[in-house]
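Colleague: got a structure for you, letters missing:
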């Protein structure tokens, strides 16, 4: 209590944390992570594993239709076969690759488009920002599934048009969020300081803004991935998304939906169409769990004293 | 019961006692002690000042006197007894009956603490009605009387207004009236004037003082400003890190503080520098009129900065101080007039200025937190201007960074830290080093000390003065705090509503006779002695500017 | 003019502008079709005269802006053009007016959406507000985890699970929601039970989470703390201090989710083979029946825009700062 108040700047008490490499910090955070986050991470890793090693894991080929239609669950066909005699387990495994791959490519493209436009709008402001923002306002006011349906009816349902259409539509949401968080950073004094120093646009974007908007953007990436994944699944389910013979979970539900009526007689046949749907649901739940935890960590969403 | 506290014969029996109160806050997934065993005794009709710097736990302790803990906090130990009622053990219902009727609260930001959806009157009488103390008609009549007692303009009708329709100072008084409505035994004032300008603060303080004296209400007055609490309190308790530093009657505390920490609370006031001037101007703002959009915020402003000296821009919020700085930096090109550096006009727009012109004028900001990129290390932050302006690389930059850190009294190990790992004062030092790295001639300091604790402010001001001597720097020092001006300025420019009221040597400006506004501003700065408030109010009677600014006129919208 | 009125007019104008641009985008759909689509519609065997006649009927010989105004003019009078399907290469035209296709189905969709809204909105508000009030409780955490899982599920998954249990294993409700114009009201409600339930589950999850967040945000305001410190009862704090400020956020949540409902309807209609506008649109997309797609898209988009506009206007009207200007 009775310290002599000789003031020295270096000794001034500050909340000085120990410095650690990001690896150590990530591991410490992970150890503290709740069960749901762990579960989510494990599930995501499992899906990625299956997607990468699909050809080695699947007992049969993706479009291998050499068996009888609607065969029941058995040793040879763990989940039976579908309406034209393809092994459902194999198609589920290949489906992981196709469905996740396409959704991931779409989300990445959406972030590339939306993110870069958002940065441009936030930094340059003025009329560029106005034009971009108003255009996005209009695009966003058409429900994206409806818009996607309309565009697909014009360009046809190829994988490429699917990816481009969904990515463009989804980039509007990325733009909105990206612009909002970038705006929060742009008004910071350190950005003004960089401008006063005379730094160019490139430096300000790369060094001052981008590192500071990464956390919300990463979380948004998870959420957008879920949304894109569900949209593509819905489109495929409606028959206008990923086209046969490519195995994909949405269309698998559609193809085998009629089996559900037999649930009273053979429960296993009845739940067969639910398997791909469950595969979709479990992955999105897992991603949501991880994003939830990540958001809580980075935005400090908790009761402040 | 209160054998360990001094007796106060002028006050009655004990109203509130706290013994060994411990309050925890939840952060980083565990509980931390915010208040670590504080004792407190308050007698009927007595005013206790609770003072301390940010993070001392003043507000938390104040709320505990109502048996209240904010979400994420909990009262985990000790006893709090209000008039024989144990508030720690009392049921929520019991505490509800006390709050608003016998203990009332006045919040820091009245604008946020009034519900935007209801009129002032509705909210003023609410507690009285809900606690069944009075009928509506009687309560409303009383509220109007209280508005009048609080010196609010048009007390008969101001209650029909919504919170967003009256000014900050008026709201703060209305909130005091609201607290008074039930004639409580105790009022907790939680930094009630911190958000107000000084000229407004004086009147609000006076109104509060009158009210608690008139109704003989006990109060706990929480603030970080010792001069303010000196006007309000009978006794002062100093808190630091959730613990009591010392407690004494106000006059004794001001005259002879026992603890060095208490003395450090007015550290800046002990700094005094004689003002000097020179006719060699390094920077001139000449006849500048500037606008945001179409609204002029600066009107024909001319300011000269003598080489190697400090010019303080003084004024209240909205006076145009910071706008003037933006014009100098080129962020806001003026509509008329020009800025000259060493006699040559600078291009109005930042984009038109050369690297060399930019280098010679640097800026330091109020909030060091937002002035540094949280993702860059100190080395990157200070190193960038070195590389950018002087084209140095690698080891060369390294060496300069080390030397700069030395100059701001930090050792080389700080180079690897991120801003989040520094204290407030250290952050501001790094910002100074960054400005210094450019080797500028002029530095604009925008309220650089106002977010800091007193002792840290003192350190920063001393550092700035030393650097000025070593490097021959010229400062434009923007501040609203007169003590800071006393400490660092050579010349003073007083600004009001976008115009320069006067400019001159500090001693000349601070010595009478003053133009009316300067007089008002200077007389509004609380002084560290009891009885100052009465004198200030007495001096203030009459005077056109005072009338216009003293709440009645400026912020009250014309009726209709 | 009272500021509320002028701001409302501004929003209204903005909404109309948006609708205008959206209609242009939807109209452009037909512009972007590849050149040979007339062939595709009429079949490879179509004669040159039939193709030419078809092109003339579509007005492809006129500049785009004239066709746009023709189209919008028609839409405003309830004329959405003629369907592509039913055309034959021979030139025999059995196509139907788009309006006749849409009319009855739109009514069906509105019925389903309305039924869902009546159940879902009060339920979601109740769950969201209670979860916010008892934040951190077991109840809150349970509701939270459940809804987080539900929003992660595709609509058709929820739908098929319901069918599995309530349609197939324990046939309580029909798994096919086939209704027609003369189905009596309660019969209709019965047949729509599963689709409505599916939509309700999905919507409630979204809406409850948003309501909870909005209320928590509101309860953190200093004026709510002030009300507590005035010793007011919890009910008083909620009803008198929180509620008047809660309209705007709550209305926005409702509008957002109703708009979402309109979209969710598409998938659910397909699952339950419900004769609504969503299914019509999906069918039209598969057969590339552009006039029908355009009409459906325009209806969906307009509903979406109008709902959001309505929410905006309600937020304005309930904002005390705008109602009582300085």
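Modeller: Done, it's in. Computed from a predicted structure; not experimentally measured. Residues are numbered from 1 along each chain as shown, chains lettered A, B, ... in the order given.

Colleague: looking at chain B, which helix or strand is least sure?
Modeller: Ranked by mean pLDDT, DSSP states H and E, the weakest helix or strand in chain B is helix B:544-549, scoring a mean of 48.

Colleague: Outline the domain layout of chain B.
Modeller: B:14-270, B:281-525 (automatic domain parsing).

Colleague: Check chain C too.
Modeller: Domain ranges of chain C: C:1-96+C:287-326, C:110-281, per automatic domain parsing.

Colleague: quick one: contacts for residue 150?
Modeller: With no chain named, the answer covers chain A. C:26, C:29, C:285, C:293-294, C:297 (Cβ atoms under 8 Å, 6 or more residues apart in numbering or on different chains). Yep, even glycine has a C-beta here, placed from its N, CA and C like the rest.

Colleague: Chain C was what I was after
Modeller: By Cβ under 8 Å, 6+ apart, the contact list for residue C:150 reads C:158, C:201-202, C:204-205.

Colleague: Need the per-residue pLDDT for the residue nearest to residue A:69 when sequence neighbours are not counted.
Modeller: In space, and not counting its chain neighbours, residue A:69 is closest to residue A:85: 4.8 Å by Cβ to Cβ, 6 or more residues apart in numbering or on different chains. pLDDT for residue A:85: 77.

Colleague: spatially speaking, which residue is in the middle of the chain?
Modeller: In the absence of a named chain, chain A is used. In chain A, the centroid-proximal residue (Cα atoms, centre = their mean) is residue A:225; its distance is 1.8 Å.

Colleague: Please refer instead to chain C.
Modeller: Among the residues of chain C, residue C:262 comes closest to the average C-alpha position under Cα atoms, centre = their mean, at 2.1 Å.

Colleague: Next secondary structure after the helix or strand containing it?
Modeller: Secondary structure from DSSP states H and E places residue C:262 in helix C:243-271. Following helix C:243-271 in sequence order, the next helix or strand is helix C:277-286 (DSSP H and E).

Colleague: can you put the domains of chain C in TSV and add distance to residue B:462?
Modeller: As requested, these are exported to TSV (distance: least, Cβ to Cβ, whole Å):
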stretch	distance to residue B:462
domain C:1-96+C:287-326	45
domain C:110-281	37
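
Colleague: out of those domains, nearest to residue A:55?
Modeller: Closest of these to residue A:55 is domain C:110-281, at 26.3 Å (criterion: Cβ to Cβ).

Colleague: how long is that closest one end to end?
Modeller: From its first residue to its last, domain C:110-281 covers 15 Å (Cα to Cα, to the nearest Å).

Colleague: Low-confidence ranges, the stretch 1-150 of chain C, go.
Modeller: Applying pLDDT under 70 to the stretch 1-150 of chain C flags the ranges C:1, C:33-41, C:43-45, C:60, C:86-94.

Colleague: Which residue does it have closest to chain A?
Modeller: Using Cβ to the nearest Cβ, the closest approach of the stretch 1-150 of chain C to chain A is made by residue C:21 at 4.3 Å.

Colleague: and that residue, how many neighbours does it have?
Modeller: Using other Cβ atoms under 10 Å in any protein chain shown, residue C:21 has 17 neighbouring residues.

Colleague: go on, residue C:61?
Modeller: Residue C:61: 9 neighbours (other Cβ under 10 Å).

Colleague: in the stretch 51-200 of chain C, what residue is nearest chain B?
Modeller: Nearest residue of the stretch 51-200 of chain C to chain B: residue C:135, at 8.7 Å (Cβ to the nearest Cβ).

Colleague: ok, that residue to residue C:74 distance?
Modeller: 53 Å (Cβ to Cβ, to the nearest Å).

Colleague: and the two? which has more neighbours close in?
Modeller: Set side by side, residue C:135 and residue C:74 show more neighbours around residue C:135, with 17 against 14, by other Cβ under 10 Å.

Colleague: quick one: secondary structure of that one?
Modeller: With DSSP: H, G, I helix; E, B strand; the rest coil as the basis, the three-state label of residue C:135 is coil.

Colleague: what kind of secondary structure is residue B:302 in?
Modeller: Three-state call for residue B:302 (three-state DSSP): strand.

Colleague: Could you dump the contacts of residue A:150 into JSON lines with neighbour count and distance to residue B:63 added?
Modeller: Listed next are these as JSON lines, based on neighbours: other Cβ atoms under 10 Å in any protein chain shown; distance: Cβ to Cβ, whole Å:
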{"residue": "C:26", "neighbour count": "23", "distance to residue B:63": "57"}
{"residue": "C:29", "neighbour count": "17", "distance to residue B:63": "61"}
{"residue": "C:285", "neighbour count": "26", "distance to residue B:63": "61"}
{"residue": "C:293", "neighbour count": "29", "distance to residue B:63": "61"}
{"residue": "C:294", "neighbour count": "25", "distance to residue B:63": "61"}
{"residue": "C:297", "neighbour count": "26", "distance to residue B:63": "56"}
